[in-house]
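>>> whatever this is, show me its structure:
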Amino acid sequence: MFESYFLRHPGFKDALVPLHAEEHAPKLIRDLAEASFTTGVGPMAGIASAFAEEIGKSCKREFGFKEIIAENGGDTYIDVRSEIRVSLFAGSHSLSNRIRLVILPEVCPLGLCASSGKFGHSKSFGSADLVSVAAGNTIMADQYATYFANRTAVRDDVQKVLDEAAALKDILHISIFKDDVFGIGGRLKIKS
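Take a look at the predicted model:
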């Protein structure tokens, strides 16, 4: 599905800016493109979470699972019926794995996605140890994580990014780990 679309539209795969998809493109390609105009990044910045969500939904549908957590390289689709706590890995940051998000069933399903300028395989134009974003739309969580990680180059950027994220109704949570700074915003609770 993707390979044939990329052959006809080679720029789509590596685009770093929002792009439109053809009207007859596969639905997932159209969803990625549509979200990119909201988040301000290239469509494929949401591909890992899109696969996690597709796998999670397919498992629920095919096997009758009542709850599912599907993770794909730090980008996670979560649909649970009881409270869970998710540790945030931020590489060598002093708070790595010491901050846990509390995910309640009433905010599910959601996407919890991460981006880093210091580790991992994703392209980042920032230098955050980790930016984690939760949103009801999994693709947007992934793309926003990329967007905000790109905007976090120096420690003074943390508060600016938190303020920008606070103005977006789609975002349920944002965590930023940058050098000796940690910032958090949104409606999800944390435990340490």
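
>>> now the strands for this protein?
If you assign secondary structure with DSSP state E, the strands in the chain sit at 68-72, 75-79, 84-87, 100-103, 110-115, 130-135, 171-178, 181-186, 190-191.

>>> and the first one, how far out from the chain middle?
Just to be clear, that refers to strand 68-72. From the chain centre to the centre of strand 68-72 is a distance of 13 Å (Cα atoms, centre = their mean, to the nearest Å).

>>> same check, this time on the second one
Here strand 75-79 shows a centroid-to-chain-centroid distance of 9 Å under the convention Cα atoms, centre = their mean.

>>> dump the strands of the chain to CSV, plus distance to Leu28 and mean neighbour count.
(Glycine included, C-beta is placed from N, CA and C.) Listed next are the strands of the chain as CSV, based on distance: least, Cβ to Cβ, whole Å; neighbours: other Cβ atoms under 10 Å:
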stretch, distance to Leu28, mean neighbour count
strand 68-72, 14, 18
strand 75-79, 13, 25
strand 84-87, 25, 14
strand 100-103, 24, 19
strand 110-115, 14, 27
strand 130-135, 17, 29
strand 171-178, 22, 25
strand 181-186, 26, 19
strand 190-191, 32, 12
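
>>> now the ones you listed in CSV, with mean pLDDT and distance to Lys160?
Converted to CSV, the strands of the chain look like this (pLDDT from 0 to 100; distance: least, Cβ to Cβ, whole Å):
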stretch, mean pLDDT, distance to Lys160
strand 68-72, 96, 29
strand 75-79, 97, 24
strand 84-87, 97, 26
strand 100-103, 97, 22
strand 110-115, 97, 17
strand 130-135, 97, 13
strand 171-178, 98, 10
strand 181-186, 96, 10
strand 190-191, 88, 21
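
>>> what would those strands look like in TSV with distance to Thr38?
Shown next, in TSV, are the strands of the chain (distance: least, Cβ to Cβ, whole Å):
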stretch	distance to Thr38
strand 68-72	21
strand 75-79	17
strand 84-87	24
strand 100-103	23
strand 110-115	14
strand 130-135	10
strand 171-178	11
strand 181-186	17
strand 190-191	26
